[in-house]
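*Asks:* Make a model of this:
(2 chains)
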There are 2 protein chains.
Amino acid sequence: MAKIKIDGNQVFLYPMPMVLVGAVVGGKVNFMTAAWVCRVNAKPPMFSIALGAHHTNKGIEENKEFSINVPDVSMVEKTDYCGLVSGRKNDKSGLFDVFYGELKKAPLIAECPVSIACTVYTAVKLPLDTLYIGEPKEVFTEERFLTEKKLDIKKIRPFTLTMPDNNYWSVGTLIGKAWNIGKGLKK
Amino acid sequence: MAKIKIDGNQVFLYPMPMVLVGAVVGGKVNFMTAAWVCRVNAKPPMFSIALGAHHTNKGIEENKEFSINVPDVSMVEKTDYCGLVSGRKNDKSGLFDVFYGELKKAPLIAECPVSIACTVYTAVKLPLDTLYIGEPKEVFTEERFLTEKKLDIKKIRPFTLTMPDNNYWSVGTLIGKAWNIGKGLKK
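*Replies:* As a prediction, the model looks like this:
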């Protein structure tokens, strides 16, 4: 072991799940890419999204609603495009087939295997980013993405991001069962 | 499209990065597995970890320090074991080679390709979990995990978790460059 120190600015988690965050900003549907997203509470379920000063924030703060949509690998170009251009200058409302559940300011993407309509539970101001914590009110999927009534990652085919190399990755192979494979180490 | 609704309790993000969170609890080194972890601020870098009522929390709150360690696929059994047993009853201090940077209450795992020593910036109480937001003071790796001075996921070989199926997955293949592959959609 020869440990070296590296700059924390260059350190992320490996890898990060890619999503499309939907909001209605100034009356217009908008989507942005995000990877700093996380489940943060068990019951009720809650998700956090950390956003810099994006166009999307205005819609989330105005409506207290947003969506998290999980794209599949076939959507990598469109997903990337949503991170390349801002809704301030570019109309992204026609990129996807949009549908709604009960929350009319949380636009959902039909092409995405999983779509989560959230209300804002709280927002935590950090030095640069805002951490929006959302509570899912409705989650939409399709039968074809389930195995034994559970979402099946091999059917969803999500993808992930690494930074600062800025690469997208598919999910690899199954390497073990969680809360199980380590049982042999119990004394 | 035939969308169906599913219970939000059964919805996570796909997939989630696995880490080992280190703390000193009651004077003893402890490690727990976590996957609800996320980068949450750009500058300065910050990470969040969402923890239920774990033994680890006591150490984090007492010392205002913790570590995030990224295990590789060869460590899947030990990582899983750290999620199977609690430091309340089981001594996990000898499982790994431990080292320290400046923060003496943030134990780091030598076997992990990346180890992040954090101070607590803030803690957000959610209905069930606590979201600890940490600021990395030092990040340790080894030369062999870098390519052109950046952490290289193919060398780190991290793994991910999906719930509620509770499976660990390796990282798959490169499917595109981020902030690039969608450029063709620009008008």
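
*Asks:* in chain A, what spans have low per-residue confidence?
*Replies:* A:1 (pLDDT under 70).

*Asks:* hey, where'd the helices end up in chain A?
*Replies:* A:55-63, A:76-84, A:153-156 (DSSP state H).

*Asks:* of these, which approaches B:Thr119 most closely?
*Replies:* helix A:55-63 (27.1 Å; Cβ to Cβ). In short, each C-beta sits where N, CA and C put it, glycine included.

*Asks:* mind listing what's buried in the closest one?
*Replies:* A:His55, A:Thr56, A:Asn57, A:Lys58, A:Gly59, A:Ile60, A:Asn63 (16 or more other Cβ atoms under 10 Å in any protein chain shown).

*Asks:* JSON lines for the residues you listed, including distance to A:Val37?
*Replies:* JSON lines is the format used below for the buried residues of helix A:55-63 (distance: Cβ to Cβ, whole Å):
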{"residue": "A:His55", "distance to A:Val37": "18"}
{"residue": "A:Thr56", "distance to A:Val37": "13"}
{"residue": "A:Asn57", "distance to A:Val37": "15"}
{"residue": "A:Lys58", "distance to A:Val37": "19"}
{"residue": "A:Gly59", "distance to A:Val37": "17"}
{"residue": "A:Ile60", "distance to A:Val37": "13"}
{"residue": "A:Asn63", "distance to A:Val37": "19"}
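
*Asks:* closest to A:Lys186 among the residues you listed?
*Replies:* A:Ile60 (44.5 Å).

*Asks:* Surely A:Val171 and A:Pro158 touch.
*Replies:* Yes - counting by Cβ atoms under 8 Å, A:Val171 touches A:Pro158, with 6.6 Å between them.

*Asks:* Overlap in contacts, these two.
*Replies:* Common contacts of A:Val171 and A:Pro158 (Cβ atoms under 8 Å, 6 or more residues apart in numbering or on different chains): B:Tyr14, B:Pro15.

*Asks:* quick one: A:Pro15 and A:Met163 touch, right?
*Replies:* No - using Cβ under 8 Å, A:Pro15 is not in contact with A:Met163; the gap is 9.2 Å.

*Asks:* Determine how far stretch A:32-51 lies from the middle of the whole chain.
*Replies:* A distance of 7 Å separates the centroid of the chain from that of stretch A:32-51, by Cα atoms, centre = their mean, to the nearest Å.

*Asks:* For the residue nearest to A:Ser170 when sequence neighbours are not counted, grab the count of nearby residues.
*Replies:* Excluding its sequence neighbours, the residue lying closest to A:Ser170 (Cβ to Cβ, 6 or more residues apart in numbering or on different chains) is B:Gly172, at 3.4 Å. Neighbour count for B:Gly172, taken as other Cβ atoms under 10 Å in any protein chain shown: 16.
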